[in-house]
Each structure stands twice: as structure tokens, then as C-alpha cells.
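Trainee: prediction below, plus the sequence it came from.
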Amino acid sequence: MGRVGRFEFFFQAGERMDSVDLQVLKSSAQWLAEGHAVVLATVVETWGSAPRPAGALLSVRDDGLVAGSVSGGCVEDDLIDRIRKQDLAGDRPELTVYGISKEEAARFGLPCGGQLRIVLEPVPDARWLHQLLERVGRRELVARELDMATGQVRLSSAARSDDITAFDGKTLKTVHGPRWRLLVIGAGQISHYLAQMALALDYSVVVCDPREEYANTWTVSGCEFTRGMPDDVIAGLDLDTHSAVVAVTHDPKLDDLALIEALKSAAFYVGALGSRLNTARRKQRLAEFDLSSEELDRLHGPVGLRIGSKTPPEIAVSILAEMTAVRHGVDLSSVGTKESKDVVEQDGPVCVATRT
């Protein structure tokens, strides 16, 4: 099973993948219910080329079974060994640091001077875990505050703009739940894969399609489905800088209505499926409405990065790759030219063909 202990996964065929940190918390609750002792490890600060970001979670069971990761395998061995030996100060949280010196960084396999500060938190019972999982299951955004002196946990509602992780030595604050939102216009085949993958990336997903033939065949659980008209749906969502909109119906009556409203909003990403020619025509149509040149320039079309995608799931990957790059402020010119997607109208559902 590898050097870093036994990893347990709960992904089953036909079941949507939960976000990584949610799986860690679910594993912790299950292990506590089975009578095991559990220690939760949270990355609170990194320096240099640390392999995992602040907020990354790892849960370690008393027999060495683990879920999640705090270093991609670099320090997990040591954490597992310490927890098995009960090499902790007691039943209160404590801070541990890896990679202070070049020698220690090399010992633990941390890249090029990388350093990690990790809070180790014994979890005596699952009450706050169940409360947190229940609230996140209702798509709430929840802040968790851990008192380092007492080990007590307090849950409260969080704003979408809250920092994910904050640590001042006395209190650790983490935010759980869908911090990002994605509105998908159209419920076709690409949308199924796009919604599933976005859910795994911690997006709260809303799918909008007023067409009965598509609405009746929607099967993806874990996201909200609405048959409302796209412009009305967008107006009701009050899109902010943590929101994205992707239009994939290739029907101007639906896509254009959504794009007009989305391009005026604060959404960090607005994209639409179509070839370069169709994108140019779309922009000409949209220019006839009250949209500035700056607003039109925000449209990502053809949507997605150039990764050679040809099938619906590959196209969904290319779309989410571009969304991720924009979300993290990456210069798109540094990650390749966008895909060129032509849409072929047939008697049945829309068929997408990709040209690279």
C-alpha cells in the first residue's frame, strides 16, 4: 500500500465525487463511530515550494489508516508514526513544523527548502463533524474555529469572500463548503460531465435549461436544476467574483440571454461553447445590446484550453482547466491557445466536434 500508510477511498461507481476535504471529514466521522481514535492534521502555513496549500487536510486513524494529504506523501510517514506512538503533547491541538533546515527538508522530501506548519488536532468526538457535514450538505458555507488552548470547536456561517484558512497561534479558522459557484446554461451531455467535475472542485453548481427534452433527462445529483429562463436565473443568483457562467446550449435564444446578463455581472469567468466563427458572430449580436467593448472582451470563446479534447468529458476538462487558470490569475497565453469547437446541428441532440 506504499510507504505512507493505507489510504481509504469512498468513491463508488455511479456516486459523485465529493471534494477532498469533505471526504477527510466524512472518514473522520466514520472512524470515530467505529471506536477509533482520530487526529486531524491541517496545513496552516507554507513557505517555498511546499507541495500542498494552506487548508489541506489529513485524517489519521489510530492504526495508521489515513485519508487526505498534507504534503503529497513527504511527511505523512512521520505523522503516522507519531500518532501511532501517541507522540503528542496530550489531548489538545499542537503545532508542528517540517522543513526548518535544508537537512530536514531533504529528509522529508520537501522540494527546494519548502516548509510546512501543521496543526495536529485530536478529535475526541464527532458532534461538530456531524453538524459541519450536515450544513455543508445543505450547500452552506461554514467557518470552523478551533481554540488551540482548549480544543473546542465553534461553527458559524461564513461569507463567500472569507479566507479559507487563518491561524494566529491561538485560533485556527477554516472554511468548508462550496466557496465557488458555477452556473451552466444547458443540460446536454457536456453539462453532465462539467457539473460532476465542478462538484469535485468545490463548486456549488446550478444547471439551467427550460427545454423539456433536456430537463427530463438530467441525472447528476448534488447540484441544483432549474427550468427558468437563463437571464431570470442569473438575475436571481446575484453573481459575484466567486461565480462562473458557462453557456453550452449553442442556442442563441438561450445562450445570448444568459451571456448578456453574465457579462454585466461581477462573475470572474463567462464562457460559451462554439467555434471561432460562431464566437465572432455571437459578439456581433451581443454588441447590439447595452454591452461595452470591455464587457464583450470578458467572454471566453471558444471556451476551454487547447488540450486536444474531442469527447464531452475531455471538453469539460478543458473548460474547467481554463476556469481554474482564470481563477488563479494565470496568464492564458502561457498555457496554450484555446480549443476551436465546431457545432454540427443534427436531427437529434447537438453534436460537438473539436478541431485542434
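Mentor: Cool, got the structure. Numbering: from 1, shown residues only.
Trainee: which outside residues touch stretch 316-323?
Mentor: With Cβ atoms under 8 Å, 6 or more residues apart in numbering as the test, stretch 316-323 has contacts from 182, 190, 193-194, 197-198, 201, 244, 246, 269, 271, 300, 303-307, 309, 332, 335, 338-339. In short, each C-beta sits where N, CA and C put it, glycine included.
Trainee: now, of these, which are buried?
Mentor: 182, 190, 193-194, 197-198, 201, 244, 246, 269, 271, 300, 303-307, 309, 338-339 (16 or more other Cβ atoms under 10 Å).
Trainee: okay, and residue 120 sits in which element?
Mentor: Following DSSP states H and E, one finds residue 120 within strand 115-123.
Trainee: report the buried residues of the helix or strand following that strand.
Mentor: Per DSSP H and E, the first helix or strand lying C-terminal to strand 115-123 is helix 127-137. Of all the residues in helix 127-137, those buried under the rule 16+ other Cβ under 10 Å are 128-129, 132-133, 135-136.
Trainee: list the helices and strands the strand or helix carrying residue 60 packs on?
Mentor: Per DSSP H and E: residue 60 is located in strand 57-61. Strand 57-61 sits against helix 20-33, strand 38-47, strand 66-68, helix 76-84, with contacts defined as 3 or more Cβ pairs under 8 Å, 6 or more residues apart in numbering; DSSP states H and E.
Trainee: what residues does it touch?
Mentor: For strand 57-61, contacts defined as Cβ under 8 Å, 6+ apart pick out 5, 20-21, 24-25, 27-28, 31, 36-43, 66-70, 76, 79-80, 83.
Trainee: now the angle from it to helix 20-33?
Mentor: 20 degrees (axes from the mean of the first three to the mean of the last three Cα atoms, to 10 degrees).
Trainee: separate out the buried members of the contacts of strand 57-61.
Mentor: 5, 21, 24-25, 27-28, 31, 37-43, 66-70, 76, 79-80, 83.
Trainee: quick check: pLDDT value at residue 83.
Mentor: Residue 83 is assigned 80 on the pLDDT scale.
Trainee: ugh, typo on my part, it should be residue 237
Mentor: Looking at residue 237, its pLDDT reads 90.
Trainee: residue 183 too?
Mentor: We have a pLDDT of 97 for residue 183.
Trainee: now swap in residue 59 and tell me
Mentor: For residue 59, the pLDDT comes out at 94.
Trainee: residues near it, how many?
Mentor: 26 (other Cβ atoms under 10 Å).
Trainee: so how far is the first residue of stretch 211-221 from its last?
Mentor: In stretch 211-221, first residue to last residue: 19 Å (Cα to Cα, to the nearest Å).
Trainee: start the count at 635 instead of 1 going forward.
Mentor: New numbering, starting at 635: the last item is stretch 845-855.
Trainee: if we can go back for a sec, tell me the angle of the strand holding residue 694 relative to strand 672-681?
Mentor: Using the same axes, to 10 degrees: strand 691-695 against strand 672-681 is 150 degrees.
Trainee: that older thread, which helices and strands sit right next to the strand holding residue 754?
Mentor: By 3+ Cβ pairs under 8 Å, 6+ apart, strand 749-757 packs against strand 672-681, helix 710-718, strand 728-732.
Trainee: turn the ones you listed into TSV, columns for distance to residue 892.
Mentor: TSV is the format used below for those (distance: least, Cβ to Cβ, whole Å):
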stretch	distance to residue 892
strand 672-681	38
helix 710-718	44
strand 728-732	47
